[in-house]
Each structure stands twice: as structure tokens, then as C-alpha cells.
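Engineer: here is a sequence together with a model predicted from it:
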Amino acid sequence: MTENEKNITRIHMDGKEFILIGTAHVSRQSAEQVKEVIEAERPDTVCVELDEPRYQSIVEGDKWRDTDIFQVIKDKKATLLLMNLAIGSFQRRMAKQFGIKPGQEMIQGIESAKELNAELVLADRNIQVTFSRIWNSVGFSGKAKLLTQIIYSIFSTDTITEEELEKIKSQDMLDSMLNEFTQVFPKLKTPLIDERDQYLAQKIKEAPGDKIVAVLGAAHVPGITKEIYNEHNLDKLNERPAKSKWPKIIGWTIPIMILAVIAYTFISNPDAGIQQGISWILWNGGFSALGVAIGMGHPLAVLTAFVAAPITSLNPLLAAGWFAGFVQAYFRRPNVGDFDSLPEDVLSIKGFWRNKVTRVLLIVVLANLGSTLGTVIGGADVVRLFLENI
């Protein structure tokens, strides 16, 4: 254990000992160290960097079989599920490279706590809250940049050695990584790193017992070491950002303006009004249908997107992708085998397109993206025809 002592931070405070283990999430050595430390220290409580949803996904690994793809679309969670699968694929690919399960060090922490009958504390903030606060902290260009970076990291074929992975756990390397991270996405560091450091520190500090072992991603150890001496309001850190009224206002204003422009033009010049209507249908329906076609959707899903997009774009409560996704799921319904093969299929672009689960999710997202693009271009063309015929 002396060899790995550099990855361990010990804090004594208020008669309690806190042992923080800085791990790399796909490192075999990290998982082994977690087991060794917990067995040697025999703590009263083991804290793990997990929230309830991620914990459940670990203990119920085959729950994918029970997923209702229609309910996912109905609950407007297709994009969220697709992003979760995409982000998870990066960690799975790294884990596969080293021949271990993703998050093995957290699994080991859970198992070791059970073996010792130690209290288990899920110390991380709910991932949905973190996603909401991250998404709220960046503008449109930031969202585009973030998605591009995530997609690149998912499908990058770069590999690293396990020795390089272990080096990441050094304090200096971490500081360097965080500095680079905040230069690319300066607004993301607060919700992704700083706030979670505070949340984790407070949960660890409040853990029962006199000796607590915390299994953490190495990037959080420096922040937790500092924040554990401060008091933090968990309720405040758990607040989801208030939704701005402007997106809803804009979402209704644009369709009303487009309908008003077409109606006015049609009254003053019926031929121009009909031309506007045709332009709106072709641009909006065409791009949405193209999105489904790119996703290699069923022909009827393509047709559904074409028909639905010009209508749903005029109603912010509806989306063309939902209808196209329902049709795709009806004719190409995922089976148990598709859900079973998800962990492997999400490791590659080809797998994303091949698996019926991700195919449905892609079609929902691509149809909606196409409809959005069609709304912008079609709306601009409607305005152009209006100005030409005033």
C-alpha cells in the first residue's frame, strides 16, 4: 500500500478520519487499490462517487431489457438517453481496452462495503441536476461546441497506455488538465467540477462513523480536500436552474408570425400565399425527412417526418421526431437482443446506426434537427416572398 499512498489523501477533522482514494475510472490498479485500502482500514462508512440513478444502473445491469422505447419517446427523453449512451460509450471503450468493467473501482467500493457491513453512502449529486446546470451555463455556441467535443471524444480511436492513465492521478497532472478544460469550456467548470466538489465534500463530511473511506475520481480530490472544511447547502446545490420564459415566448412568437405573414400574403396575393405555403412545406418537411433518411429510417418514418414537420414546427408542444420515432419503433421495434447488445454497439458509429434502439433515438433527434433547420430556411423564404409581394 506504500506504493500507492500518493493516491490517498488522509484528513483528520472533528474526531473523524477521512481517507480519500483518488481513482481513474477505467484503471485496474484503481479497483485493486480500493479493495486493499478498505480491507486494511475497515472503515465505518464507504462513500462512492455515484448518485442513485448510476448506482441502480450498476446493481441492475440488465434493466435495459425492460426499457419501453415508446415511453422514452413519449416522455421526451430520447435525446437524453442517446447522449447518456454516447457519453458512456467512451468509458466503455477505455474499459474494454484494459479488460475491465467501466467504473470497476466504484463497484469494488460497493462490494467491499457489503463484505465489511460498512455503511454505503452515495455521495454524488444527481446526474440530471448536473446536466441541467451545465446546459444552462452555456449559450447556443457553447452547446454546439460542447456537443462537438463530446462526439469527437466518443468516436476517437486514440488509445492510451494504462501507465499513462495512472499518471493522470498525480496532482500536477490534474491541475494541468483542469486548466486546459476551463480554457475550452470556462463556464462548465463550476457545475461540473466545483459544485460537485462541494456536494461530495459535504456528503462525505456528514457520513456516519469515525472512519470514512471515499472512492472518488482523482479530479475531485484536490477540491474536496479544500471544501471539506467549509459548510455547503446541499439543497441549494441540488436546485435545477429556473427555465427562462424567453424560449417559450420565442417558440410561440415565430409560428404566429409565420402564419400571420402567410395569411396576409394570401389575402393580398393568393398566388404568392400559395407559394409561401409550398415553400414552408418543402423546406420543413424536406429537411426533417432527410434527417430520418440519414438515420436510415423506415420509408414510412421518412414520410411521417415530411408530413409532420411543417405542422409540428408551428406548435412548440409537438416535434416531428416524436412521430417519426413512433413509426420507426412500430415497424422496426427493438427486441431483447438489441438491448443486450447496446453496450457493445455504442462503441462505434456503425453500432449506433445498426442497433434498433439507437436507430430509433437517432431518428427522433435527426428528424427534429432537420425540422429546426427547415424552420429557419423555410421561415426566411416565407419572409422573402412576403417582402417581394408587399
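Structural biologist: It's in.
Engineer: hang on, Thr253 in a helix?
Structural biologist: Yes. Assessed by DSSP: H, G, I helix; E, B strand; the rest coil, Thr253 belongs to a helix.
Engineer: start the count at 18, not 1, going forward
Structural biologist: All right, first residue 18 from here; so that's Thr270.
Engineer: let me know the pLDDT of it.
Structural biologist: Looking at Thr270, its pLDDT is 89.
Engineer: likewise Asp189?
Structural biologist: 42.
Engineer: export stretch 34-50 as PDB, just CAs?
Structural biologist: Provided in PDB are the C-alpha atoms of stretch 34-50 (Å, rounded to 0.1, in the frame of the first residue of the first chain):
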ATOM      1  CA  GLU A  34     -10.700  10.300   9.800                       C
ATOM      2  CA  PHE A  35     -11.400  10.700   6.100                       C
ATOM      3  CA  ILE A  36      -9.500   8.600   3.600                       C
ATOM      4  CA  LEU A  37      -9.900   9.800   0.100                       C
ATOM      5  CA  ILE A  38      -8.900   7.400  -2.700                       C
ATOM      6  CA  GLY A  39      -8.200   9.200  -6.000                       C
ATOM      7  CA  THR A  40      -9.000   6.800  -8.800                       C
ATOM      8  CA  ALA A  41      -9.100   6.700 -12.600                       C
ATOM      9  CA  HIS A  42     -12.500   5.400 -13.600                       C
ATOM     10  CA  VAL A  43     -11.100   2.700 -16.000                       C
ATOM     11  CA  SER A  44      -8.000   1.700 -14.200                       C
ATOM     12  CA  ARG A  45      -7.400  -1.900 -13.000                       C
ATOM     13  CA  GLN A  46      -4.900  -0.600 -10.400                       C
ATOM     14  CA  SER A  47      -7.500   1.800  -9.000                       C
ATOM     15  CA  ALA A  48     -10.000  -1.000  -8.400                       C
ATOM     16  CA  GLU A  49      -7.400  -3.200  -6.800                       C
ATOM     17  CA  GLN A  50      -6.300  -0.300  -4.500                       C
END
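Engineer: and the strands in the stretch 18-167 of the chain?
Structural biologist: 25-30, 33-40, 62-65, 136-139 (DSSP state E, counting those that start in this stretch).
Engineer: same thing with the stretch 168-317 of the chain?
Structural biologist: Under DSSP E, counting those that start in this stretch, the stretch 168-317 of the chain gives strands at 228-234.
Engineer: domain map for this protein?
Structural biologist: Listed by automatic domain parsing, the domain ranges of the chain are 22-254, 263-405.
Engineer: just name the most buried of these.
Structural biologist: Among the domains of the chain, domain 263-405 has the highest mean neighbour count (mean count of other Cβ atoms under 10 Å), at a mean of 19. Where you see a C-beta, it was placed from the backbone N, CA and C, and this is true even at glycine.
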